[in-house]
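Participant: What follows is a predicted protein model with its sequence.
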Amino acid sequence: MKSCLIVIDAQESFRQRAYWSENVAQPYFAAQNALIEGCLAADLPIVRVFHVDGPADAGHPFAVESGFVRPIEGLAAFEAAATFTKHRHSALINSGLDVWLTQQGIGRLIVSGIRTEQCCETTTRHASDLGWEVDYVTEATLTFDMVQPDGRPLAAADIKARTATVLDGRFATVCSVAQALQRAGTRQMDSAWTSSSNNPSA
């Protein structure tokens, strides 16, 4: 089955948000870049998705006018097989991505990017419902601490664990970087990833 890596919303826009944390982001960059490099080595297509929304002015980091709708610093460089812009949480809504994937004969999507429980999870659910197999690489997604409706804190690690739990076996196969590369038929790029956590939601 032909696989394709989807890198969702890995853009400088997020670095402009107050919740951004370089310390939290570093493990994500390591995993995301290992996944990109593994797919590049195996000549698997990599799709880049950007999120754009209003207001359309330079002060809004998700507006094109801001200049921040571009690859985030720290992300491995790659030539995208295709680049799409989305305006909703799912990368498959009115972006043209679904048409491109069908035309390319893609059967399995490898989902990665920002944020774990938002655009990455929503795209995963949508893709599954449309008939694609999805490998959700939790460690190659990024999110941040949140506050629950009752005011209690919710740690990013707990959000990632929750997302992995509700997706696995229902909408996706939750994978580590090494597992996703193996399932896509690539050779392992780094033995550290081969022996990495057996708990991909960590």
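Facilitator: Perfect, I can see it now.
Participant: hey, let's count contacts and neighbours off CA atoms from now on
Facilitator: Fine.
Participant: Mind jotting down where the helices sit in the chain?
Facilitator: All helices of the chain, identified by DSSP state H, fall at 22-41, 97-103, 121-129, 156-167, 177-183, 191-194.
Participant: Next one: the residue lying closest to residue 89 once chain neighbours are set aside relative to residue 42, how far apart?
Facilitator: Take residue 89 and drop its neighbours on the chain: the residue closest to it by C-alpha to C-alpha, 6 or more residues apart in numbering is residue 119, 4.6 Å away. Separation of residue 119 from residue 42 (C-alpha to C-alpha, to the nearest Å) stands at 26 Å.
Participant: can you check residue 113 too?
Facilitator: Residue 113 is 20 Å from residue 42, by C-alpha to C-alpha.
Participant: and if you look at residue 8?
Facilitator: 20 Å.
Participant: now stretch 62-73: how far from the chain's centre is it?
Facilitator: Relative to its chain's centre, stretch 62-73 lies at 17 Å (C-alpha atoms, centre = their mean, to the nearest Å).
Participant: give me every residue that touches the closest residue to residue 82 other than its chain neighbours.
Facilitator: Distances taken as C-alpha to C-alpha, 6+ apart put residue 47 closest to residue 82, at 5.2 Å, once the chain neighbours are dropped. Remark: with contacts taken as C-alpha atoms under 8 Å, 6 or more residues apart in numbering, residue 47 is in contact with 4, 5, 6, 7, 80, 81, 82, 83, 84.
Participant: neighbour-wise, which of residue 8 and residue 42 wins?
Facilitator: Between residue 8 and residue 42, counted using other C-alpha atoms under 10 Å, the more crowded position is residue 8 (26 against 16).
Participant: who does that one bridge with?
Facilitator: Beta-bridge partners for residue 8, by DSSP bridges, are residue 49, residue 113.
Participant: right, and it touches residue 50 too?
Facilitator: Yes. In this structure residue 8 lies within contact range of residue 50 using C-alpha atoms under 8 Å: 6.6 Å.
Participant: In this structure, what helix or strand scores lowest on average pLDDT?
Facilitator: Counting by mean pLDDT, DSSP states H and E, the chain has its least confident helix or strand at helix 191-194, which shows a mean of 40.
Participant: give the contact list for the residue nearest to residue 89.
Facilitator: Counting by C-alpha under 8 Å, 6+ apart, residue 119 touches 8, 9, 89, 90, 91.
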